[in-house]
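Student: Just the structure for this:
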Amino acid sequence: MDVYRELHRRSIADPEAFWAEAAKAVTWDRDPVRVLDSDRPPFHRWFPDARINTCRNALDRHVEAGHGARTALIHDSPVTGSKSSLTYTELLDLTARFAGVLRGLGVDRGDRVIISMPMVPQAVVAMLACARLGAAHSVVFGGFAAKELAVRIDDARPKVVVSASCGIEAGRVVPYQPMLDEALRLARHTPERCVILQRPQAPADLTDRDLDWDEAMAAAEPADCVAVAATDPLYILYTSGTTGRPKGVVRDNGGHAVALAWSMRHVYGIGPGDVWWAASDIGWVVGHSYIVYAPLITGATTVVYEGKPVGTPDAGAFWRVIAEHGVKALFTAPTAIRAIKKQDPDAALLARHDLSGLRSLFLAGERLDTGTYSWATHVLGVPVVDNWWQTETGWPITAVPRGVGGVDVRPGSPGVPMPGYDLRVLDPSGHECAPGQDGAVTLRLPLPPGTLPTLWEDDERYVASYLSAYPGHYLTGDGGHVDEDGYVFVTGRTDDVVNVAGHRLSTGVMEEVVAAHPDVAECAVIAVRDELKGQVPRALVVLKSGADTTPERLEREIVAEVRGQVGAVASLKQVTVVPALPKTRSGKILRAAMRDIADGHDTPTPATVEDPAVLHALRRTLRPED
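Tutor: Numbering: from 1, shown residues only. Okay, here's the model as predicted:
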């Protein structure tokens, strides 16, 4: 651990020297002289006097260095039965021309563009083209509900919307144009034009407002990179589950490029020419950071996947992609691995594929239970590395840095704090907790490069949401503790607790016990109201395929295990078998929505839910009286 500890110590003791050194990994239009501006606390800005273009760092500099023939992007789409690839030269050509399309529509530095597209190469091109012009993009999931899209249009006020005629899910085609038309009807702000990628599965009827992607590209003149201030916004990403005015996380250009370049090499152990796959969606922060920007800034090959871990066509889909494309490291959500484990518990489908090139599996986005960790470690035979971070931070807060070495994986922990993150666990009075003592996980200011400098056009909300609970600290919203060796254990959101007769218990601790049952594929423990005790926990479990048990026996065994490991005070007495748990598109289990339903609240379906039918079915389970 000595190398890691010295690295982290230097980053906290002298952050300016540490990040000045890290900044040499990117290409600047004007080199930074000043590294950190702390003149207006709690607002901090990295590389305030520098100028940069993120697209140049992702594409142009690699071509100029003679690496244009290297594969930049592999598109693998089992839902359409197609595969393709683009070299750095080809991706640069497409990006420069689409930047020319946007420029022809009046998009300039500082403007905003909303991108609502499926997982196709053109979505990456659109993001990079915005960065090329110095315009901020805001990516919204393709096929997002019209009302939610309208809210984001009104907040970002884009000059142009870029979309596609349809998205393709397993077994169905989702037309996008009706949702876009309805969103524009609902929105107060009216974008000047829309650019639509026509897909053969469901072409759209274009209006005078719309431009056909292919026709616009055929007539476009390439646009050069525009140098912007390092502190200028690269993108706005709206956090999930917001009501009213959405919370737009802002990412700057300079600090973002530096942090991602550092993390790709040191956290994930990926370098130029390596094939890297983040099995996520560009609508999430993982897609922004680790499908698009980090791998391309590094000069690696990124895999863009249009499919699911199961059902496209089976639970061997991930193993096929890894084998066919020579993937060195996979980044996905624990729920994806749990879905594969549920369908193929003995990993029989894995045996059909050669995964000898795989070196690491990284998991984030949901709490990694030890059962899933152990299964993946056993069947893959490579390090399974948890890492923990947020939309707001943009890159890992904690991890086991594969590119540094000397830090071992510790099951149940997402690792140790990464350089720049001065992580503290505080009690309600603001005092630092002793090792092993649970509290609120916070980050002492200043946050490192790549994290959010503020919220879009709302400094007050940024301070109120993140910086007011513990002055001088960023509140992550998660609870947990740090052990004697510096490993962080995150027990879950601070509101994911059960208050049983005055005893506050983490649902995450109980979930760990429930998930360890050999017949359980995945689970969630939620707090439900109880007249006597205030709240009691309730476990919802999904069984593995072929599980040989009964609901009554399963309940007895799980209740006994929780009582034995957590204690009788946990008061878990109800275990319900369900066919599926409701999740967001990134794989996060919608615990808060389930808790509200169980308590009788008429909570609207979250806009980011993966399959609304799962939540509706669960509503009938949790509230049969309805």
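Student: Low-confidence stretches in the stretch 351-500 of the chain?
Tutor: 494-500 (pLDDT under 70).
Student: Swap in 90 and give it another go.
Tutor: 365-371, 405-406, 428, 477-478, 491-500 (pLDDT under 90).
Student: which phi and psi does residue 175 have?
Tutor: When read as degrees, to the nearest 10, the backbone of residue 175 gives phi -70, psi 130.
Student: do the same with the one 4 residues further on
Tutor: The phi/psi pair for residue 179 (degrees, to the nearest 10) reads phi -70, psi -40.
Student: Could you count how many residues lie near it?
Tutor: Residue 179: 21 surrounding residues under other Cβ atoms under 10 Å. Every residue, glycine included, has its C-beta placed from N, CA and C.
Student: Check the contact between it and residue 140; I expect there is one.
Tutor: No - counting by Cβ atoms under 8 Å, residue 140 is not a contact partner of residue 179; they are 10.5 Å apart.
Student: overlap in contacts of those two?
Tutor: residue 149 (Cβ atoms under 8 Å, 6 or more residues apart in numbering).
Student: got the contact list for residue 515?
Tutor: 369, 370, 371, 372, 522, 523.
Student: And the contacts of the host helix or strand of the third one?
Tutor: Per DSSP states H and E, residue 371 falls inside helix 370-380. For helix 370-380, the external contacting residues (Cβ under 8 Å, 6+ apart) are 334, 337-338, 341, 347, 350, 355, 358, 361, 363, 383-384, 386, 411-412, 512, 515-516, 520.
Student: got it, and stretch 335-349?
Tutor: Under Cβ under 8 Å, 6+ apart, the answer for stretch 335-349 is 279, 309-310, 314-316, 318-319, 350, 361, 363, 365-366, 372, 375-376, 379, 521-522, 542-546, 583, 587-589.
Student: Separate out the buried members of those.
Tutor: Among these, those classed as buried by neighbour count (16 or more other Cβ atoms under 10 Å) are 279, 309-310, 315-316, 318-319, 350, 361, 363, 365-366, 372, 375-376, 379, 521-522, 542-544, 583, 587-589.
Student: got the buried residues for stretch 180-199?
Tutor: Neighbour-count burial for stretch 180-199 [16+ other Cβ under 10 Å]: 180-181, 183-184, 187, 191, 193-199.
Student: Quick check: helices, which of those are part of them?
Tutor: 180, 181, 183, 184 (DSSP state H).
Student: Determine which two of the residues you listed are furthest apart.
Tutor: 181 and 183 (7.3 Å; Cβ to Cβ).
Student: so which of the contacts of residue 515 would you say is closest to residue 490?
Tutor: Within the contacts of residue 515, proximity to residue 490 (Cβ to Cβ) peaks at residue 369, which comes in at 12.2 Å.
Student: quick one: the residue nearest to that closest one when sequence neighbours are not counted and residue 415, what's the gap?
Tutor: Nearest non-adjacent residue to residue 369, counting by Cβ to Cβ, 6 or more residues apart in numbering: residue 515, 4.0 Å away. As judged by Cβ to Cβ, to the nearest Å, residue 515 and residue 415 stand 20 Å apart.
Student: Phi, psi for residue 452 please.
Tutor: phi -70, psi 130.
Student: Just the ones of the contacts of stretch 335-349 in strands?
Tutor: The members of these that map onto strands under DSSP state E are 361, 363, 521, 522, 542, 543.
Student: close enough to count as contact, the first one and residue 382?
Tutor: If I follow you right, that is residue 361. Yes - contact status for residue 361 versus residue 382: in contact at 6.0 Å, counting by Cβ under 8 Å.
Student: quick one, strands of the stretch 401-550 of the chain?
Tutor: 416-417, 422-426, 439-444, 473-482, 488-493, 497-500, 503-506, 520-530, 534-543 (DSSP state E, counting those that start in this stretch).
Student: Other residues contacting the second one?
Tutor: By that I understand strand 422-426. Outside strand 422-426, the residues that touch it by Cβ under 8 Å, 6+ apart are 12, 397-398, 417, 432-433, 437-444, 470, 473, 480-482, 488.
Student: rerun that using 6 Å as the cut-off
Tutor: The contact list for strand 422-426 (Cβ atoms under 6 Å, 6 or more residues apart in numbering) reads 12, 417, 432-433, 439-444, 470, 481-482.
Student: Drop anything exposed from these.
Tutor: Looks like the contacts of strand 422-426 have 12, 417, 433, 439, 440, 441, 442, 443, 470, 481, 482 buried, using 16+ other Cβ under 10 Å.
Student: State the distance from the fifth one to residue 59.
Tutor: Residue 440 sits 41 Å away from residue 59, taking Cβ to Cβ as the criterion.
Student: again with the second one
Tutor: Residue 417 is 32 Å from residue 59, where distance means Cβ to Cβ.
Student: Counting neighbours, what do you get for residue 48?
Tutor: Quick note: residue 48 (other Cβ under 10 Å) scores 18 neighbours.
Student: oh sorry, the question was meant for residue 41
Tutor: Residue 41: 11 neighbours (other Cβ under 10 Å).
Student: ditto for residue 389
Tutor: Applying other Cβ under 10 Å, I find that residue 389 has 24 neighbouring residues.
Student: ok, now which ones touch it?
Tutor: Residue 389 neighbours (Cβ under 6 Å, 6+ apart): 396, 397.
Student: Assumed residue 206 was part of a helix.
Tutor: No - using DSSP: H, G, I helix; E, B strand; the rest coil, the secondary structure at residue 206 is coil, not a helix.
Student: which residues of the stretch 501-626 of the chain score low on pLDDT?
Tutor: For the stretch 501-626 of the chain (pLDDT under 90), the answer is 501-513, 515-516, 522-538, 544-548, 551, 559-574, 576, 579-626.
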